[in-house]
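K.L.:
I'd like to go over a predicted model; first the sequence, then the structure.
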Number of protein chains: 2
Amino acid sequence: MTEATRTSAATLHDVAREAGVSLATASRSINGSTRKVNEELRQRVLLAADKLGYVANQSAQAIAKGSASTVALVVSDIADPYFSTMASGVIRGAEEARLLVTMAMTERSAERELELVRALRGGRPRVLVLTGSRFAGTELEASLVKELTAYEETGGTVVIVSQRSLPFDTVQIDNLAGARDLARALVDQGYRRFAAFTGVSSLLTSSDRLQGFRDGLGEFGLALDDDRVYRTDFTRDGGIAAVDAMLDDGIDDIDCVFAVNDVMAIGALSRLRDRGVSVPDDIAIAGFDDIDTARDVTPALTTVRLPLADVGAEAIHLALTADQRTSVATVTIGGDVVLRASTPRRA
Amino acid sequence: MTEATRTSAATLHDVAREAGVSLATASRSINGSTRKVNEELRQRVLLAADKLGYVANQSAQAIAKGSASTVALVVSDIADPYFSTMASGVIRGAEEARLLVTMAMTERSAERELELVRALRGGRPRVLVLTGSRFAGTELEASLVKELTAYEETGGTVVIVSQRSLPFDTVQIDNLAGARDLARALVDQGYRRFAAFTGVSSLLTSSDRLQGFRDGLGEFGLALDDDRVYRTDFTRDGGIAAVDAMLDDGIDDIDCVFAVNDVMAIGALSRLRDRGVSVPDDIAIAGFDDIDTARDVTPALTTVRLPLADVGAEAIHLALTADQRTSVATVTIGGDVVLRASTPRRA
DNA sequence: CTGTTAGCGCCTTCAT
DNA sequence: ATGAAGGCGCTAACAG
């Protein structure tokens, strides 16, 4: 913002002129191609480029090549550790393939997600990664699928994270098995009477985890009463609201709560403390995801560890190997139960 | 990945043909310009675009206009809540200006940062936001400044977050005042003998906070012994290492620890617990930033609240108003001390 | 191996 | 108000 002379950036043309070669030679020297370039000329070009501070215009490259060297990433909320951890994996994976990541946030709105996908398509990214659970079976979902299909028809690759049964490459998180294993572990710890905190039922991630948990309990002839399933938001505040609702109902007949994600569990933990209910003495609690905070709260939170960064990296890997396949692929990533102090063995 | 016919995306040309108008008219109808277009024709174009699922190729627009409608964002580590929260503000701010965000991670390497800035410049972003503390006075910093200056000379706007005294627009976080206020508050709570956990001294954020803290203590005639300043990493693990070092030295003469960020403080909290040192009974601890986790740990962490999302949004705002100014601007954002259970009033 | 040239998709004067 | 045509920076045939 000083009074600097506003020139325009050096172009390949400038570099070629500076080095005394043709455009083509300059291009080949800098961005490499199948064709070989005399080493001396190449050095001259590189030197000229360096001297002029030349950086290839990606837009120009993209337009000449037909697609950009980018990955478009859609997350619900980057401030949520679930997504930020996954995003770090996506960025790392993209980096290895020398791809830059363009990110957009839906703020958990399906309309917004659709808009964003359209906007991102404008960048002609090589890969489009959609994270976050969508609402199954809605009209918006149909529009989304249409948009994504159109995108793939123009040469891009879509990867969906965590949403199964959409006709695209998918990195699926095994929510069912993880929750089932968690249920088994909790029963093994001596718990018998459960409540659950979930998101709205159309959120697949949420309903899968609930279902898996029920499956696990079922193996022991235990059940989770519908009255004890508190549906709120998938957020910290959702956990707080769920605690309030649960305490209204009383917890005499409950010895353990399963919150379908850690963020909710942590909100619940905080609220329970505020309301004078001791965890784990009065009630135990478990979450899902194993975000960093889970081990830092007191009591440390029992949860299902998900390798979220790996999930992100795998999404990129899947996309970049898509052309070696003829049909969509699904990679399933499981989680491991991590027992911590929030669910001690019960006498 | 299905056997879908791989066509290429619809172009403006296609839309124009479909609507029976010229390229120019189509362009003006869709992206608007100063010139007017007959409303009926405009509708016809819009309809055609919709029918063909047309999405303007941003690269082409970028190349025609000279710069892309993007913001490039550099963070140290998006999985770190400090950065992810700030990033959410940047994304939101960018969105309002209909700009997409391209993000890159330095993983806290200065070399990497320089490389990334170069790579990002290739996208010809309208704005380049650099977050995270850099290492002052190094040769790399000089190269970085050179690169950034070159970028601005080609019409872009650089905004630095938190690093003062670089010749660019800056959103400065008032680390000095925040740390000073924290020191005052802790003294007011009855603490007198302090230790500090910091990052390497060349990290401005770290050294500013330490200096501010010392300033605050100085007002009461108190000092922070150099022997009691533990320099480790700016991370959770850094906090753990610092605790180990501190315990080796003994803590009989210490009643409160100031960790220059919450992430370190939380690592420290965890380590102290593991090593049987009670917080706040044996020693109190305070952090800086007020990341979400700070209120969820036990005891809840005293800290300095920073409106990180606002900081990100302000960076964009600053950049977009840069052309209304003739010189660089600095916006300073302060923090508020939040006293919590980790530093109770001392008898 | 190197240079020439025709696009890639869009915007924008410049005519009409 | 609309259309024709040149140009943005780069790549990739195609010649030489």
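P.N.:
That came through, no problem.
K.L.:
switch to C-alpha atoms for all contacts and neighbour counts from now on
P.N.:
OK.
K.L.:
surely A:Q189 meets A:S342?
P.N.:
No: assessed by CA atoms under 8 Å, A:Q189 is found out of contact with A:S342, at 11.3 Å.
K.L.:
of the two, who's got more company?
P.N.:
A:S342 (23 against 15; other CA atoms under 10 Å in any protein chain shown).
K.L.:
mind listing what the more buried one touches?
P.N.:
A:279-280, A:284-286, A:298-302 (CA atoms under 8 Å, 6 or more residues apart in numbering or on different chains).
K.L.:
host element of it?
P.N.:
Assigned by DSSP states H and E, A:S342 falls within no helix or strand.
K.L.:
so which of the contacts of A:S342 are in strands?
P.N.:
Within the contacts of A:S342, residues falling in strands by DSSP state E are A:284-286.
K.L.:
among those residues, which one sits closest to DNA strand D?
P.N.:
The closest of the ones in strands among the contacts of A:S342 to DNA strand D turns out to be A:A286 (CA to the nearest atom of the strand; 51.9 Å).
K.L.:
now stretch A:189-208: mean pLDDT?
P.N.:
The average pLDDT for stretch A:189-208 rounds to 93.
K.L.:
run through the strands of the stretch 151-300 of chain A in chain order.
P.N.:
A:157-161, A:169-173, A:194-198, A:229-231, A:256-259, A:284-286 (DSSP state E, counting those that start in this stretch).
K.L.:
right, and the helix or strand after the last one?
P.N.:
Okay, so that is strand A:284-286. strand A:303-305.
K.L.:
so after that following strand, what's the next helix or strand?
P.N.:
Downstream of strand A:303-305, the next assigned helix or strand under DSSP H and E is helix A:308-320.
K.L.:
what angle separates that following helix from strand A:169-173?
P.N.:
Per axes from the mean of the first three to the mean of the last three CA atoms, to 10 degrees, the angle that helix A:308-320 makes with strand A:169-173 is 160 degrees.
K.L.:
elements contacting the strand or helix carrying A:M86?
P.N.:
In the assignment (DSSP H and E), A:M86 maps to helix A:81-96. In terms of contacts (3 or more CA pairs under 8 Å, 6 or more residues apart in numbering or on different chains; DSSP states H and E), helix A:81-96 is packed against strand A:70-75, strand A:100-105, helix A:308-320.
K.L.:
adding distance to DNA strand D, mean pLDDT and mean neighbour count, write the ones you listed out as JSON lines.
P.N.:
Putting the helices and strands packed on helix A:81-96 into JSON lines (distance: least, CA to the nearest atom of the strand, whole Å; pLDDT from 0 to 100; neighbours: other CA atoms under 10 Å in any protein chain shown) gives the following:
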{"stretch": "strand A:70-75", "distance to DNA strand D": "14", "mean pLDDT": "98", "mean neighbour count": "25"}
{"stretch": "strand A:100-105", "distance to DNA strand D": "15", "mean pLDDT": "98", "mean neighbour count": "24"}
{"stretch": "helix A:308-320", "distance to DNA strand D": "18", "mean pLDDT": "97", "mean neighbour count": "23"}
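K.L.:
so what's the closest residue to A:T11 other than its chain neighbours up against?
P.N.:
In this structure, A:T11 finds its nearest non-sequential neighbour in A:Y54, 6.7 Å apart by CA to CA, 6 or more residues apart in numbering or on different chains. By CA under 8 Å, 6+ apart, the contact set of A:Y54 is A:9-12, A:15.
K.L.:
against A:H317, how distant is A:G93?
P.N.:
For A:G93, the distance to A:H317 equals 7 Å [CA to CA, to the nearest Å].
K.L.:
helices of the stretch 101-250 of chain A, start to end?
P.N.:
With helices called from DSSP state H, counting those that start in this stretch, the stretch 101-250 of chain A shows them at A:110-121, A:139-153, A:175-188, A:204-218, A:236-249.
K.L.:
in stretch A:29-40, what's buried?
P.N.:
Going by neighbour count (16 or more other CA atoms under 10 Å in any protein chain shown), the buried part of stretch A:29-40 is A:29-30.
K.L.:
distance across that stretch, terminal residue to terminal residue?
P.N.:
One end of stretch A:29-40 sits 10 Å from the other (CA to CA).
K.L.:
hmm, it in reach of DNA strand D?
P.N.:
Yes: shown here: stretch A:29-40 in contact with DNA strand D (CA under 7 Å from any atom of the strand) through A:31, A:33.
K.L.:
report whether that stretch contacts DNA strand C.
P.N.:
Yes: interface with DNA strand C: stretch A:29-40 contributes A:35-39 (CA under 7 Å from any atom of the strand).
K.L.:
contacting residues around that stretch?
P.N.:
Stretch A:29-40 is contacted from outside by A:25, A:28, A:42, A:45-46, using CA under 8 Å, 6+ apart.
K.L.:
burial count for A:R275?
P.N.:
Count around A:R275 with other CA under 10 Å applied: 12.
K.L.:
ok, A:A24 next?
P.N.:
Counted with other CA under 10 Å, the neighbours of A:A24 add up to 12.
K.L.:
name the element it belongs to?
P.N.:
helix A:23-31.
K.L.:
quick one: mean pLDDT for that helix?
P.N.:
Helix A:23-31 shows a mean pLDDT of 92 in the predicted model.
K.L.:
buried ones in the helix or strand that that helix is followed by?
P.N.:
Counting by DSSP H and E, the next helix or strand C-terminal to helix A:23-31 is helix A:39-52. For helix A:39-52, the neighbour count (16+ other CA under 10 Å) marks A:41-42, A:44-46, A:48-49 as buried.
K.L.:
count the neighbours of the residue nearest to A:Q189 when sequence neighbours are not counted for me.
P.N.:
Leaving aside its sequence neighbours, A:Q189 sits nearest to A:R345 (CA to CA, 6+ apart; 4.5 Å). Residues within reach of A:R345, counting by other CA under 10 Å, total 14.
K.L.:
A:R345 contacts A:R192, correct?
P.N.:
No: applying CA under 8 Å, one finds A:R345 not in contact with A:R192, separated by 11.9 Å.
K.L.:
which bits of the stretch 1-150 of chain A sit near DNA strand D?
P.N.:
Residues of the stretch 1-150 of chain A lying near DNA strand D (CA under 7 Å from any atom of the strand): A:8-13, A:23-24, A:27-28, A:31, A:33, A:55-58, A:60-61, A:63-65.
K.L.:
can we see that at 6 Å?
P.N.:
Residues of the stretch 1-150 of chain A lying close to DNA strand D (CA under 6 Å from any atom of the strand) are A:11-13, A:23-24, A:27, A:31, A:33, A:56-57, A:60-61, A:63-65.
K.L.:
for A:T25, give me its contacts.
P.N.:
Going by CA under 8 Å, 6+ apart, A:T25 touches A:16, A:37, A:42.
K.L.:
go through those and name the one with the lowest pLDDT.
P.N.:
Ranking the contacts of A:T25 by pLDDT, A:V37 lands last with 82.
K.L.:
any idea how far it is from chain B?
P.N.:
23 Å (CA to the nearest CA, to the nearest Å).
K.L.:
from DNA strand D, how far off is that residue?
P.N.:
Computed as CA to the nearest atom of the strand, to the nearest Å, the A:V37 to DNA strand D distance reads 11 Å.
K.L.:
same check, this time on A:R124
P.N.:
Counting by CA to the nearest atom of the strand, the gap from A:R124 to DNA strand D is 14 Å.
K.L.:
quick one: end-to-end distance for stretch A:284-296.
P.N.:
One end of stretch A:284-296 sits 17 Å from the other (CA to CA).
K.L.:
who touches it?
P.N.:
Stretch A:284-296 is contacted by residues A:81-82, A:179, A:255-266, A:269, A:279, A:300-306, A:342-344, B:266-267, B:270, B:293, B:297 when judged by CA under 8 Å, 6+ apart.
K.L.:
residues from the stretch 151-300 of chain A in reach of chain B?
P.N.:
A:151-155, A:157, A:168-169, A:266-267, A:270, A:293, A:296-298 (CA under 8 Å from any CA of the partner chain).
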